[in-house]
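> Need a 3D model of the following:
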Amino acid sequence: MAEPALDREDLPYNETYCANHPKRQTGVRCSSCGKPICPDCMVFSPVGVKCRDCARLPKSARITFGADKAARAIGAALAAGTLAGFVYYFVLAAAGFFFFVIFAAAAIGYVVGEAVLRASRYYHGTETAVIAVVGTIWAFVFPPLLDIFMRFGVSWDGFVFGLTGRGVMNWIIMFVAGYFAWQRNR
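So this is what the prediction gives:
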């Protein structure tokens, strides 16, 4: 004789509680170890929901931005920014104000951003993006300040003139270059 089918309400309910939060009921288990986990303990991975312990990568698989990468990135930003800045101002002085100055700014931002990216061994993050932007600003600020200091000596007036004497267009150009450096590293 066949047993009667059970309704959903007649089925026994197995109450499961989170392994880390014993007062929270859950119906989800880690796809690796089977431990019950609540929504606060879930880590979504490409192969399913895991607990924090199973989702942790081994230390060898983690990519970190340490002091060695930071030092290389800062050095590359200053070197690329200095070189790009002198080339930019040399071309600007030789040709006067040229029409494609925005494209040159984009190229400077890209070059400095790429130098930082390669020096940091292709680490993408806010840290490298900030370093690239600072290196790009360095490209536009260092050559004129060096020129003024060599002509008139080190003074506060020379510093202020070096930063403000170029006008609003130079600040727009620096913004465009910084944007490209940021996007290259973000």
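
> for the record, mean pLDDT for whichever strand or helix holds Met174?
Using DSSP states H and E, Met174 maps to helix 168-185. With pLDDT averaged residue by residue, helix 168-185 scores 86.

> which residues touch that helix?
101-102, 104-106, 108-110, 112-114, 116-117, 124-125, 128-129, 131-133, 135-137, 139-140 (C-beta atoms under 8 Å, 6 or more residues apart in numbering). The way it works is simple: take the backbone N, C-alpha and C, and place the C-beta from them, glycine included.

> in this structure, which helix or strand is least confident?
Within the chain, no helix or strand scores below helix 156-164, which has a mean of 59 by mean pLDDT, DSSP states H and E.

> Once you drop chain neighbours, what's closest to the residue nearest the centre of the chain?
By C-alpha atoms, centre = their mean, the chain has its centre lying nearest to Gly125, at 2.3 Å. Leaving aside its chain neighbours, Gly125 sits nearest to Phe65 (6.0 Å; criterion: C-beta to C-beta, 6 or more residues apart in numbering).

> What count of nearby residues applies to the one you found?
By other C-beta atoms under 10 Å, the residues close to Phe65 number 17.

> got a list of what it touches?
120, 123, 125, 127-128.

> what kind of secondary structure is it in?
coil (DSSP: H, G, I helix; E, B strand; the rest coil).

> any idea of the pLDDT on it?
82.

> Now do it against Tyr17, distance only.
39 Å (C-beta to C-beta, to the nearest Å).

> Over to Phe90?
In terms of C-beta to C-beta, Phe90 sits 71 Å off from Tyr17.

> same check, this time on Phe152
75 Å.

> Same check on Ile108?
58 Å.

> do Ala77 as well
Taking C-beta to C-beta, one finds Ala77 at 52 Å from Tyr17.

> Out of these two, name the residue with the larger neighbour count.
Ala77 (29 against 13).

> Name the next helix or strand downstream of the helix or strand the more buried one falls within, please.
Assigned by DSSP H and E, Ala77 belongs to helix 67-95. Next helix or strand after helix 67-95 toward the C-terminus (DSSP H and E): helix 101-119.

> What's the mean pLDDT across stretch 86-96?
pLDDT averaged over stretch 86-96 gives 79.

> Contacts made by that stretch with the rest, please.
Counting by C-beta under 8 Å, 6+ apart, 98, 101, 104, 108, 139-140, 143-144 sit against stretch 86-96.
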